[in-house]
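Participant: Okay, predicted coordinates and the sequence, questions at the end:
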Amino acid sequence: WYDIRAMTIARSAAVATEHAVIKVNGTLVAEGHTGQSSHSHVHTSAPCFLKRGDYVQIFGGWYGGKSYSNYWIKRMVV
């Protein structure tokens with residue numbers, strides 16, 4: 001089991017959009033949305049079972065810089 005997390009803030013107040021989207025093997029498992037205010041925060045989390053050969057994609061709207069946007073994948077000990 002793995003805990004996949006992604007976080008970012010909205011780039012602008014122009015329009016609400018998808019942020020910090022997580023897919024495993026091309027299938028959507030978690031999706032964050034922001035409102036229409038600039039710098040609103042989104043944090044997406046998806047605990048999943050992964051096996052050798054699986055792949056993870058993280059995409060969507062991102063604000064530049066590690067202090068504003070990041071992701072991590074943590075193996076959970078069972």
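Facilitator: Nice, thanks for sending it over. Residues are numbered from 1 along each chain as shown.

Participant: where do the strands sit along this structure?
Facilitator: Ranges of strands in the chain, per DSSP state E, are 2-9, 18-24, 27-33, 41-48, 56-59, 70-75.

Participant: tell me the most buried of these?
Facilitator: Between these, strand 18-24 has the highest mean count of neighbours, a mean of 21, where neighbours are mean count of other Cβ atoms under 10 Å. C-betas here are computed from N, CA, C, even on glycine.

Participant: Please name the residues that touch Arg8.
Facilitator: One correction, residue 8 is Thr, not Arg. Neighbour list for Thr8: His19, Ala20, Gly32, His41, Val42, Gly60, Gly61, Trp62, Tyr63, Tyr68, Ser69, Asn70 [criterion: Cβ atoms under 8 Å, 6 or more residues apart in numbering].

Participant: now with 6 Å?
Facilitator: His19, Ala20, Trp62, Tyr63, Ser69 (Cβ atoms under 6 Å, 6 or more residues apart in numbering).
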